[in-house]
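J.: Give me coordinates for this.
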Amino acid sequence: MSDELQARAAHSAAIRERAEAEMKAIGIDDAFIGRLVDTFYARVLAHPELGPVFDARLSGRWPEHMEKMKSFWSSVAFRSGAYGGKPVQAHFGIANMKPALFQKWLALFAATLDDIAPNNDAKAWFMTTAERIARSLTLSLFYNPALDDPALKRS
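T.: Numbers count the residues shown, from 1 in each chain. Predicted structure coming up:
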């Protein structure tokens, strides 16, 4: 292995170790992530607006989606690199998807964390991360650069 590859591997390992230590310090482990995903998506399905949108997209594929979401959140929390999905592409073309649904998603996520997060630090970390993800997806799915055209703003 070249020196550069060894340095990259060591750097990646150090990032993972720091993330694992940070998560451990705020009471986060894979068991909590599994509980968070299971609890949150049960609430999503029961939600009058989110449930139909999610179920229409995932009908018959919920078990796979749940495992993918657990892998996603674990990868984000522990910086493991284990998740290899493409979230933006996965959300394109979802029937009845609207920007306002992301705020409902975040509110439901916050309520779930209020109920099950081990402490305020864990809740803050997950909410900050979820807000960043929601903002990124909203921009990727709904942003129209033409709306920022100064000529259109003067009209």
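J.: rest of the way, CA atoms for contacts and neighbours
T.: Will do.
J.: Flag the helix or strand of this protein with the lowest per-element mean pLDDT.
T.: When the helices and strands of the chain are scored by mean pLDDT, DSSP states H and E, helix 150-154 comes last with a mean of 62.
J.: for this protein, what spans make up the helices?
T.: For the chain, the helices defined by DSSP state H occupy 3-25, 30-46, 50-58, 62-78, 87-91, 99-116, 120-142, 150-154.
J.: Adding mean neighbour count, write those helices out as a markdown table.
T.: Written out in a markdown table, the entries for those read as follows (neighbours: other C-alpha atoms under 10 Å):
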| stretch | mean neighbour count |
| --- | --- |
| helix 3-25 | 13 |
| helix 30-46 | 16 |
| helix 50-58 | 16 |
| helix 62-78 | 17 |
| helix 87-91 | 12 |
| helix 99-116 | 16 |
| helix 120-142 | 16 |
| helix 150-154 | 8 |
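J.: between the ones you listed, which gets the lowest average pLDDT?
T.: With a mean of 62, helix 150-154 has the lowest mean pLDDT of the helices of the chain.
J.: Need the nearest residue in space to Met97, chain neighbours excluded.
T.: Distances taken as C-alpha to C-alpha, 6 or more residues apart in numbering place Val53 nearest to Met97, at 6.9 Å, with adjacent residues excluded.
J.: does the one you found really touch Asn96, like I thought?
T.: Yes: using C-alpha atoms under 8 Å, Val53 is in contact with Asn96, at 6.4 Å.
J.: which residues sit in contact with the residue lying closest to Asp55 once chain neighbours are set aside?
T.: In this structure, Asp55 finds its nearest non-sequential neighbour in Leu45, 6.9 Å apart by C-alpha to C-alpha, 6+ apart. Counting by C-alpha atoms under 8 Å, 6 or more residues apart in numbering, Leu45 touches 51-52, 54-55.
J.: which of those lies closest to Ala19?
T.: Nearest to Ala19 out of the contacts of Leu45 is Phe54 (C-alpha to C-alpha; 30.3 Å).
J.: Please name the nearest non-neighbouring residue to the closest one.
T.: Using C-alpha to C-alpha, 6+ apart, the nearest residue to Phe54 is Leu45, at 7.2 Å.
J.: From Phe109, how far out is that neighbour?
T.: Leu45 sits 13 Å away from Phe109 when distances are taken as C-alpha to C-alpha, to the nearest Å.
J.: any shared contact partners between the two?
T.: Contacts common to Leu45 and Phe109, judged by C-alpha under 8 Å, 6+ apart, are absent.
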